[in-house]
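# curious how this folds, go ahead:
(2 chains)
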Amino acid sequence: MTEETRGIGRLLLSPAVGLLFIWMIVPLGMTIYFSSLHYNLLNPGTEQFVGLENYTYFLTDPAFLASLRNTLVLVGSVLVLTIGLGTLVALLLDQAVVGRSIVRLMVIAPFFVMPTVSALVWKNLLMHPVSGLLAYVAKSFGLTPIDWFAEVPLLAVILIVAWQWLPFATLILLTALQSLDEEQKEAAEMDGANALSSFVYVTLPHLARPITVVILIETIFLLTVFAEIFVTTGGGPGLATTNIAFLIYSQALIQYDVGTASAGGMVAVVIANILAFFLVRIVGRNLEA
Amino acid sequence: MKHRLGAIAGAISLFAAIPCFAQTTLTIATVNNGDMIRMQGLTGAFTAKNPDISVKWVTLEENVLRQRVTTDIATKGGQFDILTIGTYEVPIWAKQNWLVALDKLPADYDTGDLLPRIRDAASANGKLYAAPFYGESSMIMYRTDLFEKAGLKMPESPTWDFVVDSAKKLTDKSAGVYGICLRGKAGWGENIAFLTAMSNSFGARWFDEKWQPQFNTPEWKKTLTTYLDIMKVAGPPGASSNGFNENLALFNAGKCGMWIDATVAASFVTNPKDSKVADRVGFALAPNTGLGKNANWLWAWNLAIPAGSKKVDAAEKFIAWATGKDYIQLVASKDGWANVPPGTRTSLYQNPEYLKAAPFAKLTLASIDSADPNHPTVKPVPYVGVQYAAIPEFQGLGTTVGQQFSAALAGTTTADAALAAAQSSVEREMKRAGYIK
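Down below sits the predicted model:
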């Protein structure tokens, strides 16, 4: 590649890159600008520059720490559940069984259900303490049905979200498994490895990369889980299921406090970047290895 | 050839544009409840009389409607020509000069016929800013058969002691009958609407005259502990996520001995098509503690015109039609008297046909009459509104406090902790908003 063609290449790329940059910087700039204003939609005419007041207000809100904790618990548990179960399901689906293609399709299906719809189904048809399927099962065993969204609200949300993201993890891990060299497994078998040690020493190392990819992509989306919480618990009871995304929503559209919501948005950006920084480093190391 | 085609297309579009010029299209944002859906179905009757006006509906769920309409009007978006707003918004928005005062309604509209409480709630500084489409209060709906079986007799205006006591007696959990069903779902329009109205009857208030929050007072403690106690002993499971619709379903399925909620529910629970217990429902005023206030609220959905609208005349015509006397006649002739929008006009409650079709009419009217948005509490307050305080911050405050009370009902926190958390978060918010120095 000559100096000239490189220059032309840059020139041709620049409109696309510029557009992407504007796409990113304009909303970000506006958010930063709004976050420095006292701006409540319901009190127009009181907008004024307040510096960092919105940030201190947002960060000292007792709801902030609770929602940060909920966000981390939610992301962490869903990651563990989806990757743990996803690996097992992928292993199962990797076996030659009758009707494998249909089973695969059904396993993937939850991913195509809209979050609001699946949350409604879980809330009203499965987890409802009076009319839900789980309550019916519990009653038929003579147990008291669990009132999921009152007694263990965060767990209930985690289960719903994990159910939605399980297919994604399964899919990625399954394709990875299929690319695993059969000869490697055979060789391990000939060396006398049983199923468990063949899994630990051959399959798992092979899955390390796809697992980091799953972690990275899921984390990005799980940090902003909203629909499931909005539909099922509305962030409650108390603050039990309020995550950062939901807290910002309530600032913006329940309290109409644009300033604080923007400050919250910036805080979320910072948190996401901190997480991304560590994740990219871990993943990067894994991808290079 | 190309040029000529273009010229023809231009000419056609010019002609096509001419009839559109005289046509006014009203975009109406409204809420997705039964009465509003019915109104949409009857729009043809209006456009037939006013061929120069066409109507476009944007129908939304209550919370979404509120968000869309509020952000639109606050940012002067101008998406809508007519807004459906609650009595909570009217005084706030009127003060911001966001609404057009409805002082040019035709004479036969007869604003004097509007129920005084409802008219007050839709007015600010003596001017009507929104036209009530339907109005409601809250009252007790109870099962006459269960009361008879338990040997109890519901007075017309019961006390809380009586209600608590009978709720416990009516409860038969093995038969799936719960003495009382009340709202528990968090939200300023859900559990807070009920609990604020309830607190009024216990002599509590949200703020004192200097806007200091009052959740640390014994009156609020009495309110919340009574509520939690009765719901624990006599309430249905999962109550902390029950709102209006969930309780309606429970009551209609025969699972509730009593239900204190919106008066409009009376027509649903007595409708044999939906309710298993339609012929066994009695009504009573919401309970009190003898302090002079009952635990009932006051609410109306109103139609209003945003300030700055260029279609005020057409919009006013539509509002006069939709909330006028003739509309009630129209609904009565098409769907029967039991389905007319209730709670807005005195004449409706003097109409013998309506009184015959609606056995709950008398108590609905008595409930509406006894809820005074201008003097909602036993002690004086600086705000207007029975089950809310009409200040912009209330939605956020009510939702935060509602979460705390809902958590107390779910058992994840105690009454004392919930009240303390409510007090400190409301104090924080009121300081920030500049009410408290």
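# quick check: residues of chain A near chain B?
In this structure, chain A approaches chain B at residues A:40-44, A:57, A:62-63, A:128-130, A:145, A:147, A:149-151, A:153, A:233-240, A:250, A:253-257, judged by Cβ under 8 Å from any Cβ of the partner chain. Just so you know, the C-beta spots here come from the backbone N, C-alpha and C atoms, and that holds for glycine as well.
# what residues does chain B put near chain A?
With Cβ under 8 Å from any Cβ as the criterion, chain B comes near chain A at residues B:67, B:70-71, B:74-75, B:92, B:96, B:185-187, B:236-238, B:240-241, B:250, B:392-393, B:395-396, B:399-400, B:403-404, B:406-407, B:409-413, B:418, B:421, B:424-425, B:432-433.
# list only buried entries from these.
For these, a neighbour count by 16 or more other Cβ atoms under 10 Å in any protein chain shown gives the buried set as B:67, B:70-71, B:74, B:92, B:96, B:185-187, B:236-238, B:240-241, B:250, B:392-393, B:395-396, B:399-400, B:403-404, B:406-407, B:409-410, B:412-413, B:418, B:421, B:425, B:432-433.
# quick one: mean pLDDT for stretch A:29-37?
Mean pLDDT, computed over stretch A:29-37, is 93.
# ok, and what's touching it?
Stretch A:29-37 is contacted by residues A:47-52, A:54-55, A:258-259, A:262-263, A:265-266 when judged by Cβ atoms under 8 Å, 6 or more residues apart in numbering or on different chains.
# and those, which two are furthest apart?
Pairwise distances across those (Cβ to Cβ) peak at 19.8 Å, for the pair A:48 and A:265.
# comparing these two, which residue is more hemmed in?
Taking residue A:48 and residue A:265 together and counting by other Cβ atoms under 10 Å in any protein chain shown, residue A:265 has the greater number of neighbours (22 against 10).
# hang on, the earlier thing: got CSV for the contacts of stretch A:29-37, with pLDDT and distance to residue B:107 too?
Formatted as CSV, the entries for the contacts of stretch A:29-37 read as follows, by pLDDT from 0 to 100; distance: Cβ to Cβ, whole Å:
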residue, pLDDT, distance to residue B:107
A:47, 82, 43
A:48, 86, 47
A:49, 90, 51
A:50, 88, 51
A:51, 86, 56
A:52, 89, 58
A:54, 90, 51
A:55, 93, 57
A:258, 89, 44
A:259, 90, 47
A:262, 94, 50
A:263, 93, 53
A:265, 93, 52
A:266, 93, 56
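# those in helices, which ones?
The helices, defined by DSSP state H, take in A:54-55, A:258-259, A:262-263, A:265-266 from the contacts of stretch A:29-37.
# dihedrals phi and psi, residue B:133?
Dihedral pair for residue B:133: phi -90, psi -50, per degrees, to the nearest 10.
# residue A:275: neighbouring residues, count only.
Residue A:275: 17 neighbours (other Cβ under 10 Å).
# can you tell me the closest non-neighbouring residue to it?
Counting by Cβ to Cβ, 6 or more residues apart in numbering or on different chains, residue A:275 lies nearest to residue A:219, which is 6.3 Å off, once chain neighbours are set aside.
# my guess is that neighbour contacts residue A:78. True?
No - contact criterion Cβ atoms under 8 Å: residue A:219 and residue A:78 do not qualify, at 9.3 Å.
# who's more crowded, the two?
residue A:78 (26 against 17).
# helices or strands next to the strand or helix carrying that one in the packing?
Element membership for residue A:78, per DSSP states H and E: helix A:62-94. The criterion is 3 or more Cβ pairs under 8 Å, 6 or more residues apart in numbering or on different chains; DSSP states H and E, and the helices and strands that helix A:62-94 contacts are helix A:100-108, helix A:153-178, helix A:204-222, helix A:244-249, helix B:415-432.
# can you do 10 Å?
Packing partners of helix A:62-94 (3 or more Cβ pairs under 10 Å, 6 or more residues apart in numbering or on different chains; DSSP states H and E): helix A:53-60, helix A:100-108, helix A:153-178, helix A:204-222, helix A:227-232, helix A:244-249, helix A:258-288, helix B:415-432.
# quick one: mean pLDDT over the second one.
Across helix A:100-108, pLDDT averages out at 84.
# now do the helices in the stretch 301-437 of chain B.
Read by DSSP state H, counting those that start in this stretch, the stretch 301-437 of chain B holds these helices, from start to end of the chain: B:312-322, B:325-335, B:352-357, B:361-369, B:394-410, B:415-432.
# tell me the mean pLDDT for the third one?
Think helix B:352-357. 92.
# one step back: with the ones in helices among the contacts of stretch A:29-37 in mind, which one is nearest to residue B:116?
Distance from residue B:116 was checked for each of those by Cβ to Cβ. The minimum falls on residue A:258, at 37.9 Å.
# OK, contacts around the closest one?
A:31, A:34-35, A:37-41, A:47, A:54, A:251-252, B:71, B:74-75 (Cβ atoms under 10 Å, 6 or more residues apart in numbering or on different chains).
# now do residue A:44
Residues counted as contacts of residue A:44 (Cβ under 10 Å, 6+ apart) are B:73-76, B:96-98.
# tell me which two in those are the farthest apart.
Distance extremes for the contacts of residue A:44: the farthest pair is B:75 and B:97 at 15.0 Å, using Cβ to Cβ.
# still on that earlier bit, tabulate the ones in helices among the contacts of stretch A:29-37 (TSV), appending distance to residue A:279.
Formatted as TSV, the entries for those read as follows, by distance: Cβ to Cβ, whole Å:
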residue	distance to residue A:279
A:54	28
A:55	25
A:258	31
A:259	30
A:262	25
A:263	25
A:265	21
A:266	20
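# which of those sits closest to residue B:48?
Nearest to residue B:48 among the ones in helices among the contacts of stretch A:29-37 is residue A:258, at 43.7 Å by Cβ to Cβ.
# residues contacting residue 255?
Picking chain A for this. A:40-42, A:261, B:392-397, B:399-400, B:429, B:433.
# switch to chain B, that's the one I care about
Going by Cβ under 10 Å, 6+ apart, the list of residues near residue B:255 reads A:130, B:143, B:175-178, B:181, B:236, B:247, B:249, B:276-277.
# can you tell me which of these end up in helices?
Cross-referencing the contacts of residue B:255 with the helices (criterion: DSSP H) gives B:247, B:249 as the overlap.
# can you flag the buried ones in the contacts of residue B:255?
A:130, B:143, B:177-178, B:181, B:236, B:247, B:249, B:277.
# in helices, which of the residues of chain A next to chain B appear?
Per DSSP H, helices hold the following members of the residues of chain A next to chain B: A:57, A:62-63, A:149-151, A:153.
# now, which of the residues you listed sits nearest chain B?
The closest of those to chain B turns out to be residue A:150 (Cβ to the nearest Cβ; 3.8 Å).
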